[in-house]
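Novice: I need the structure of the sequence given here:
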Amino acid sequence: MVALAERTQAKLTLQTLEIAQDTTTIRSLDWDRDRFDIEFELQNGTTYNSFLIRGEKTALVDTSHEKFRSLYLDQLLRLINPAELDYLVISHTEPDHSGLVREVLQLAPQVTVVGSKVAIQFLDDLVHQPFKRLLVKNGDRLDLGNGHELEFVSAPNLHWPDTILTYDHKTQILYTCDVFGMHYCDDNLYDEELELLEADYKLYYDCLMGPNARSVLAALKRMKDLPEIDVIATGHGPLLRYNIPDLVGRYRDWSQAQAKAETTVALFYAADYGYSNELAQAIAHGINKTGVAVELIDLKMADPQEVREMVDLAAGIVIGMPPQSGESAATAQAALSTLLAAVNSKQAIGLFESGGGDDESVYPIRNRFQEVGMKEVFQPILIKETPNQATYQLCDEAGTDLGQWLTRDRTVKQMKALDNDLDKALGRLSGGLYIITAKKEEASSAMLASWVAQASLEPLGITIAVAKDRAIESFLHAGDRFVLNILEEGNYQQLMKHFLKRFAPGADRFAGIKTYPAANGSPILADALAYLECEVISRMECSDHWIVYSTVDIGRVAKPDALTAVHHRKVGNHY
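Specialist: Residues are numbered from 1 along each chain as shown. Okay, here's the model as predicted:
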């Protein structure tokens, strides 16, 4: 095995390794990346993996992120004469994997681009130049010679509409791009130390694959027709070799649980248009917090039968406005017409603009849904400028509101179960009263809390239990900072009443409340008895809560002789 690593001041590393006969990976390691899309706050960076297969003909599977242009292209030129490159396989066209396709085509204009029909359509808009193409579908094969026969597995919506998997029959390597991947950056090529990877693997699934659980199951079913898989060559993180049955089995178990969820939301959007992907993912993330399943459907590619089936299944419908004009506008309009004919008054609805500059208007379709008698759970989300952190937080909160609306009967039923002695005994556990406040870029949030405890002395640390469906949960990932405001006995009612209110998505939690900024940027409540400035170190997942462990950096008491407000409950099955 031969390795090459090159570092830049930006902590970008290129690692080149032989992973099988005639097969090389070029791993672009992004050590310091701390965010990926709206849903990911990365603790361990990420990688973008590309692969070179040499038979009698040569194929490159995926490229890399644009930020690696110089490093990646220089290394590719060391490995191969561009004139000898025959095929460029596009697993999907998301920019972190296809960001250098244009450059590769300029170096090797003779190359034939291999991808799904949808991928080739997307690439036409991406590279703006003619190129040779080979459209492939499930079961198609491409013979590179010397035993390297590539077989393609259709996997749409994982998590891009155009995804394909590629299996090399000689090396028994399955190239999966996003599928089975994770955002985890280190020098280890494979998954030897599974315990270090499990949390990132699950988070990656929850954010990217969970909203398409049925599509995951369909892809797993197609994979059963493949021979033995020796390596899963992912597009992000380590390649999988040592734990393949376990990790593939987890995808199956998680997806089956999602598919069997009591309540589902169908989220229709125009993939790869405007900011629709990011906005849809943020809304889906909020919905998933509440235990409600989400299915994402691309309006520009949707089959009418698929639309009808998803509408029949869904308790809630969310629609991102597609473009009014363009090559795929007619398909999107037909899908909307099918959708309108299939909805009923018992379903909830939410609408958002895609921000592509040519969006269909929200209001005519909103009027149509209101005529049907559907419940609009959140106000239409209108995109007037480039989305920022506050925009994505608005989308997350809108999704959470929708999920909570759809599960309200279940929640009320749980709260009414008061005759259980265990619930009554558990309710006798008391706690203080606190308000957690946090700010991240343009977005801010707050929450009344009572499940707070000191957890360590060296360093000084606390734990907070935060329900998964709380808006502030998105502000409490590792590395985030917040303020724990401690309320005063006899002087907490106004603050408690204010922060117990149900805020509309995106609403200012601090309107009418006197605050001043902490050193970490979060708001300090002027009427608090004391405050602690904290940094999140880790989180432990419980069934319906996150246990957030944080260290304490700064603290101050405003009234040394006053007492902390105490919260007494009667039952333990709700706050």
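
Novice: Secondary structure class of Pro245, three-state.
Specialist: Following DSSP: H, G, I helix; E, B strand; the rest coil, Pro245 is assigned to helix.

Novice: And it, what's its pLDDT?
Specialist: Looking at Pro245, its pLDDT is 95.

Novice: cool, and the one 3 residues further on?
Specialist: According to the per-residue confidence, Val248 scores 96 in pLDDT.

Novice: Test my guess that it contacts Leu220.
Specialist: Yes: here Val248 reaches Leu220: they are 7.2 Å apart, a contact under CB atoms under 8 Å. (Each C-beta comes from the backbone N, C-alpha and C, glycine too.)

Novice: just checking, Val216 touches Leu208?
Specialist: No: the criterion here is CB under 8 Å, and Val216 misses it with Leu208 at 10.1 Å.

Novice: thinking Ala390 is in contact with Lys439, fair?
Specialist: No: contact between Ala390 and Lys439 fails when scored by CB under 8 Å: they sit 10.4 Å apart.

Novice: Looking at these two, which is more packed in?
Specialist: Lys439 (22 against 14; other CB atoms under 10 Å).

Novice: Just give me how far the one helix or strand the more buried one maps to sits from the chain centre.
Specialist: Using DSSP states H and E, Lys439 sits in strand 434-440. Here strand 434-440 is found 23 Å from its chain centre; the criterion is CA atoms, centre = their mean, to the nearest Å.

Novice: next one: stretch 156-165
Specialist: The mean C-alpha position of stretch 156-165 is separated from the chain mean by 15 Å, CA atoms, centre = their mean.

Novice: ok, now stretch 252-269?
Specialist: Here stretch 252-269 shows a centroid-to-chain-centroid distance of 15 Å under the convention CA atoms, centre = their mean.

Novice: Show the end-to-end separation of it, please.
Specialist: With CA to CA, to the nearest Å as the measure, stretch 252-269 spans 25 Å from end to end.

Novice: so where is the chain shaky, pLDDT-wise?
Specialist: 1-10, 33-42, 410-419, 575 (pLDDT under 70).

Novice: Let me see the ranges of the strands in the stretch 251-400 of the chain.
Specialist: Ranges of strands in the stretch 251-400 of the chain, per DSSP state E, counting those that start in this stretch, are 264-269, 293-298, 316-320, 348-352, 375-376.

Novice: which helices and strands does the shortest one pack with?
Specialist: For strand 375-376, the contact count by 3 or more CB pairs under 8 Å, 6 or more residues apart in numbering; DSSP states H and E identifies strand 348-352, helix 362-372 as packing neighbours.

Novice: Of the ones you listed, flag the one that's most buried.
Specialist: Neighbour counts (mean count of other CB atoms under 10 Å) averaged over each of those peak at strand 348-352, with a mean of 24.

Novice: That one to strand 316-320, inter-axis angle?
Specialist: 10 degrees (axes from the mean of the first three to the mean of the last three CA atoms, to 10 degrees).

Novice: Tell me which stretches of the stretch 101-250 of the chain form strands.
Specialist: Under DSSP E, counting those that start in this stretch, the stretch 101-250 of the chain gives strands at 112-115, 132-135, 141-143, 149-154, 164-168, 173-177, 231-234.

Novice: In its sheet, which strands sit next to the second one, and in what direction?
Specialist: Its sheet considered, strand 132-135 pairs with strand 112-115 (parallel) by DSSP bridges.

Novice: How about residues contacting the partner strand?
Specialist: Residues outside strand 112-115 that contact it (CB atoms under 8 Å, 6 or more residues apart in numbering): 59, 86-91, 93, 101, 105, 120, 123, 131-136, 142, 162, 164.

Novice: change it to 10 Å
Specialist: 57, 59-61, 85-93, 98, 101, 104-105, 119-123, 127, 131-136, 140, 142, 150, 152, 162-164, 166 (CB atoms under 10 Å, 6 or more residues apart in numbering).

Novice: what does stretch 124-132 give?
Specialist: Stretch 124-132 has contacts (CB under 10 Å, 6+ apart) with 86-88, 90, 93, 95, 98-99, 101-106, 109-114, 119-120, 123, 133, 272-273, 326-327.

Novice: for that stretch, how far is the first residue from the last?
Specialist: Taking CA to CA, the first and last residues of stretch 124-132 lie 11 Å apart.

Novice: how would you label Leu14: helix, strand or coil?
Specialist: With three-state DSSP as the criterion, Leu14 reads strand.

Novice: Show me the beta-bridge partners of it.
Specialist: The bridge-partner assignment for Leu14, based on DSSP bridges, gives Glu6, Ser28.

Novice: Would you map out the domains in this structure?
Specialist: 4-257, 261-411, 421-567 (automatic domain parsing).

Novice: His574: which of these is closest?
Specialist: Each of the domains of the chain has some distance to His574 by CB to CB; the shortest is domain 261-411, at 8.2 Å.

Novice: quick one: that closest one to chain centroid distance?
Specialist: For domain 261-411, the distance to the chain centre is 17 Å (CA atoms, centre = their mean).

Novice: Offset the numbering so it begins at 102, please.
Specialist: In the new count, where the first residue is 102, that last one comes out as domain 362-512.

Novice: what sits against Lys540?
Specialist: For Lys540, the contact set (CB under 10 Å, 6+ apart) comprises 490, 546-547, 576, 581-584, 611, 618-619, 621-624.

Novice: Go through these and name the one nearest Ala554.
Specialist: Taking CB to CB as the measure, Phe583 is the one of the contacts of Lys540 closest to Ala554, at 16.0 Å.

Novice: Run a quick neighbour tally on the closest residue to that closest one other than its chain neighbours.
Specialist: For Phe583, ignoring the flanking residues on the chain, the nearest one in space by CB to CB, 6 or more residues apart in numbering is Ala539 at 4.0 Å. Ala539 has 24 neighbours, counted by other CB under 10 Å.
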